[in-house]
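>>> Pasted the sequence and its predicted model underneath.
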Amino acid sequence: MQSPAHCMAAVAPESMAPHLEHVWLGGPAENQGASVAGDNAEDTLCIPLTQLGAHRADLLDAMALQYGGDANIHAPALLSQWSKYYFWLAAPAGVAAILLRRPLDMAPARTRLVLRGGMPVAPHFADDALQPVEADCSRCYSSLVGHLQAVIEMLAGMTRIAPRVFWSNAGNLLDYLAGQCATLPGAADDMARLFQSTTVDGESNPLRMPVRHVQPRTTLLPNPFRARRVCCMRNQIPGEIHLCGSCPLLLTMPDDELAQQDSLR
């Protein structure tokens, strides 16, 4: 019999718990593509994360429904937006593991994902994925970066898009989460390690300096201005003329166009 699932919010630091209410250890059903038990929605599936690519059409349809655009023509921009929803679920789990100094097995081969209408709604890591406390939390970092790497490779394989766009999406979120937990003892140093030039394995770190704080040329922008390294491409979807508040494109936009940006009002 399968063990009941446990919500990661129950074991996370208080500042991280609200971000983990839909992240689980254990469950749900084992069958690939099976409808989630207790969920009557016909479009709700639980899939092995390694099979994400097989659901490309569902992911694109979900984003086209939400943002508009054509699922084929605007696939890069739409998948970039989808990645943000997924990272909002998975990245806090990796951050919680770092703060707890408890390695979390985030291997895609042992991870299942609940999709509802193509939208990610709940990742399920293995019931024994959260390991005991370790003095050296290198495995915590490696697990998170490795998980992001695998998911980004899957998404990049679905369309023509530079992986650095997805890494920027993940890095922007992780930078935000670092601020959320900054008051926890040791958290600032623990999170700063995520953004160093090399990973704990000595490789070039795709998360290095995900945002920068710069002095803008105009008073219409906050000073300092928190700018992502790479635009998420949302503006390439027809009708999406408003950029996020940390988009680097805002730094070069004329004042008359900046004045029309909802994020700056």
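That came in fine, so what should we check first?
>>> Mind listing residues that contact stretch 178-191?
13, 15-16, 19, 95, 98-99, 137, 174, 177, 192, 194-195 (CB atoms under 8 Å, 6 or more residues apart in numbering). Yep, even glycine has a C-beta here, placed from its N, CA and C like the rest.
>>> Go through it and flag the buried ones.
Buried residues in stretch 178-191, defined by neighbour count with 16 or more other CB atoms under 10 Å: A178, Q180, C181, A187, D190, M191.
>>> Same check on stretch 7-17?
Those would be C7, M8, A9, V11, A12, S15, M16, A17, for stretch 7-17 by 16+ other CB under 10 Å.
>>> can I get those in a markdown table with distance to M119, secondary structure and pLDDT?
Output for the buried residues of stretch 7-17, formatted as a markdown table (distance: CB to CB, whole Å; DSSP: H, G, I helix; E, B strand; the rest coil; pLDDT from 0 to 100):
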| residue | distance to M119 | secondary structure | pLDDT |
| --- | --- | --- | --- |
| C7 | 19 | strand | 96 |
| M8 | 19 | helix | 97 |
| A9 | 20 | helix | 97 |
| V11 | 26 | coil | 95 |
| A12 | 23 | coil | 95 |
| S15 | 26 | coil | 90 |
| M16 | 22 | coil | 94 |
| A17 | 22 | helix | 95 |
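>>> Out of those residues, flag the one nearest to G117.
Proximity of the buried residues of stretch 7-17 to G117 was ranked by CB to CB; the top entry is C7 with 22.3 Å.
>>> and the closest one, bridged to which residues?
In this entry, C7 is beta-bridged to W24, by DSSP bridges.
>>> Then F125?
Applying DSSP bridges, one finds that F125 bridges with L25.
>>> just checking, it touches A93?
Yes: F125 is in contact with A93 according to CB atoms under 8 Å; the separation is 7.0 Å.
>>> Which neighbours do these two have in common?
With CB under 8 Å, 6+ apart, F125 and A93 have common neighbours M8, V23, L104, M106.
>>> Contacts only, for the last one.
So that's M106. Here M106 is in contact with A90, A93, G94, F125, A129, S143, L144, G146, H147 (CB under 8 Å, 6+ apart).
>>> Next, the contact list for the most centrally placed residue in the chain, please.
Centroid-nearest residue in the chain: F87, 1.4 Å away (criterion: CA atoms, centre = their mean). With contact set as CB under 8 Å, 6+ apart, F87 has these partners: L148, N169, A170, L173.
>>> Dump the residues you listed into CSV; add pLDDT, distance to D61 and secondary structure as well.
Output for the contacts of F87, formatted as CSV (pLDDT from 0 to 100; distance: CB to CB, whole Å; DSSP: H, G, I helix; E, B strand; the rest coil):
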residue, pLDDT, distance to D61, secondary structure
L148, 98, 24, helix
N169, 98, 20, helix
A170, 98, 23, helix
L173, 97, 24, helix
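>>> and of those residues, the nearest to P210?
A170 (7.8 Å).
>>> so that closest one makes contact with P92?
No: using CB under 8 Å, A170 is not in contact with P92; the gap is 11.5 Å.
>>> about what we covered before: what's the closest of the buried residues of stretch 7-17 to L264?
S15 (27.8 Å).
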